[in-house]
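Q: Any chance you could fold what I've pasted below:
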Amino acid sequence: MITTAVNLQAPLYDALAAQDGLGVGATSVAFACYVLGIMPVLLTLNGLPERVGRRPLIVAALCLCLAATSLTLVSPGLVTLGIARFLMGLGTALTSAVAPAYMLELFQGRDKRVPANWVTASTSLGFGLGAAVTSLFVLNAPSLTPPSLWLYLGAASLALLLTIGLADETPRQGHATMLRLPAFPAGALPFGLAILLAWATVGLVIAILPSTLARHGLTAWSGFATFGICSCGVLFQPWARRLSPHTATQLGLVILPLAYAVIAWGALTGTLSAVLIGTVAASSACYGFVYLGGLSGVLAITSERQSSASAGFFLLAYVGFSLPVVTTGALIDSFGHTIALQLFGGALLAGAIFVSWLLKSASTQGAEAEC
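A: Numbers count the residues shown, from 1 in each chain. Predicted coordinates for the structure are as follows:
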């Protein structure tokens with residue numbers, strides 16, 4: 001329910017901007033406020049679970065998401081959206097800090113892959129589910145406050161009541177260190193750059209694609225594109241687990257520019273089928289091969305401070321999720337959709353080639369070291 005809240009308003013972005021008389025650049029800034037909420041927790045509050053426990057953080061995250069969704073119901077607009085996304089960023093960051101370990105605790109004594117699979121599947125599904133449900137309602141009756149927002153408030157309130165009843169046996173350490181900065185061990189940077197490129201593509205589809213589709217009267221379908229790029233990647237995660245981290249990540253970097261080309265062509269020409277097919281293909285990289293390959297690659301080369309190394313990986317991921325999107329939004333306002341999407345595609349292709357070369361070099365050096 002926490003990740004479902006994040007993109008619940010995604011199909012409404014273009015309509016909210018039109019209501020406020022603003023452009024794509026302003027929409028992308030409101031979208032990026034989500035990352036402003038994530039960064040403080042990611043950079044400075046990694047030790048919070050050891051002080052207050054895990055359940056209180058999940059409860060706090062759900063309350064933040066409920067408050068954010070209520071704001072967008074009471075006062076729909078881009079400013080409200082920016083505030084709401086900031087609150088949802090805080091909630092998502094609090095959740096990501098504790099969810100894997102908390103789930104492992106709740107499933108204690110069972111196969112460790114079971115809680116990990118629940119976490120990856122539920123988060124991937126959630127990021128796309130809210131947008132898809134909103135699109136269903138908007139297609140039926142366009143509105144800035146569709147019934148999906150009210151449905152979410154009911155479902156999240158139920159989740160809050162159920163979470164309050166969970167056990168939490170986390171040992172409290174009143175003097176635990178709060179500040180644990182992200183780290184980039186030797187060999188980890190290429191994996192971080194790969195997820196930066198992947199999540200930049202995700203951010204573009206969520207924040208900017210609705211305005212491109214609006215030119216063809218297809219903006220209501222943008223929620224399904226968000227669902228495709230966020231949630232369908234879970235289907236490819238079993239394949240990614242069978243490959244080495246370097247191979248999985250390199251495969252994702254091959255798929256990513258090709259899938260983006262299909263998405264951009266479909267959005268610019270109004271070919272909805274191409275957009276939906278392209279988002280599913282891109283998701284195989286963004287939440288499949290690059291995501292799992294990159295994260296497992298970082299953890300494999302880090303014997304100590306794995307939490308800090310993971311934080312470094314996600315730091316670059318969220319930089320990709322925000323800055324390229326804001327830049328592309330500004331380019332659209334200045335030069336139009338076609339040129340801006342072409343420039344993004346060119347940068348994505350160049351970045352994918354460069355990072356693939358870095359990964360190949362690192363893989364070769366690692367093989368030579370083993371010999």
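
Q: Low-confidence bits of the stretch 151-300 of the chain, can you list those?
A: Where the stretch 151-300 of the chain drops to pLDDT under 70, the residues are 173-180.

Q: Can you list the neighbours in contact with stretch 341-357?
A: With contact meaning C-beta atoms under 8 Å, 6 or more residues apart in numbering, stretch 341-357 is reached by 190, 193-194, 196-197, 200-201, 204, 212, 250, 253-254, 256-257, 260-261, 264, 267-268, 324, 328, 331. C-beta coordinates here come from the backbone N, C-alpha and C atoms, glycine included.

Q: Any of those residues buried? List them.
A: Among the contacts of stretch 341-357, those scoring as buried are 190, 193-194, 196-197, 200-201, 204, 212, 250, 253, 256-257, 260-261, 264, 267-268, 324, 328, 331 (criterion: 16 or more other C-beta atoms under 10 Å).

Q: Could you tell me which of those residues belong to strands?
A: Judged by DSSP state E, the subset of those located in strands is empty.

Q: And residue 336, how far from residue 65?
A: Distance of residue 336 to residue 65, given as C-beta to C-beta, to the nearest Å: 35 Å.

Q: who has more neighbours, the two?
A: Neighbours around residue 336 and residue 65, counted as other C-beta atoms under 10 Å, are more numerous at residue 65. The numbers are 29 against 10.

Q: Okay, and the more buried one sits in which element?
A: If you go by DSSP states H and E, residue 65 is part of helix 55-74.

Q: buried set for that helix?
A: Residues of helix 55-74 classed as buried by neighbour count (16+ other C-beta under 10 Å): 55-62, 64-66, 68-69, 71-73.

Q: where's that helix relative to the chain centroid, distance-wise?
A: In terms of C-alpha atoms, centre = their mean, to the nearest Å, the centre of helix 55-74 is found 18 Å from the chain centre.

Q: cool, stretch 288-301 as well?
A: Counting by C-alpha atoms, centre = their mean, stretch 288-301 comes out at 16 Å from the chain centroid.

Q: contacting residues around that stretch?
A: 120, 185-188, 191-192, 194-195, 197-198, 233-237, 239-241, 243-249, 251-253, 255-256, 306, 309-310, 312-313.

Q: Which of the three states applies to the closest residue to residue 270 other than its chain neighbours?
A: Spatially, and ignoring its direct neighbours in sequence, residue 270 is nearest to residue 216 (3.2 Å; C-beta to C-beta, 6 or more residues apart in numbering). Following DSSP: H, G, I helix; E, B strand; the rest coil, the label given to residue 216 is coil.

Q: Residue 117 versus residue 216, what's the distance?
A: Distance of residue 216 to residue 117, given as C-beta to C-beta: 38 Å.

Q: neighbours around residue 120, how many?
A: Residue 120 has 18 neighbours, counted by other C-beta under 10 Å.

Q: What residues does it make contact with?
A: 234, 237, 292.

Q: how about those in JSON lines, adding secondary structure?
A: Listed next are these as JSON lines, based on three-state DSSP:
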{"residue": "234", "secondary structure": "helix"}
{"residue": "237", "secondary structure": "helix"}
{"residue": "292", "secondary structure": "helix"}
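
Q: Could you look up the SS state of residue 169?
A: Secondary structure assignment for residue 169 (three-state DSSP): coil.

Q: Now it: phi and psi?
A: Main-chain torsions, residue 169, degrees, to the nearest 10: phi -100, psi 20.

Q: Does it touch residue 102 like I think?
A: No - applying C-beta atoms under 8 Å as the test, residue 169 and residue 102 come out as separate, 10.1 Å apart.

Q: and residue 121, how far is that from residue 234?
A: 5 Å.

Q: And these two? Which one has more around it.
A: Using other C-beta under 10 Å as the criterion, residue 121 and residue 234 rank with residue 234 on top: 20 against 13.

Q: which one is that one nearest to, not counting chain neighbours?
A: Leaving out its chain neighbours, the residue that sits closest to residue 234 by C-beta to C-beta, 6+ apart is residue 124, at 4.3 Å.

Q: which ones are touching the one you found?
A: With C-beta under 8 Å, 6+ apart, residue 124 has these contacts: 230-231, 233-234, 287.

Q: Neighbours of residue 5, how many?
A: Using other C-beta under 10 Å, residue 5 is surrounded by 30 other residues.

Q: let me fix that: residue 101
A: Number of residues near residue 101 (other C-beta under 10 Å) recorded here: 15.

Q: what about it, which helix or strand?
A: helix 78-106.

Q: Quick check: what element follows that helix along the chain?
A: Heading C-terminal from helix 78-106 (DSSP H and E), you reach helix 113-140.

Q: relative to helix 78-106, how tilted is that following helix?
A: With axes from the mean of the first three to the mean of the last three C-alpha atoms, to 10 degrees applied, the angle from helix 113-140 to helix 78-106 works out at 150 degrees.
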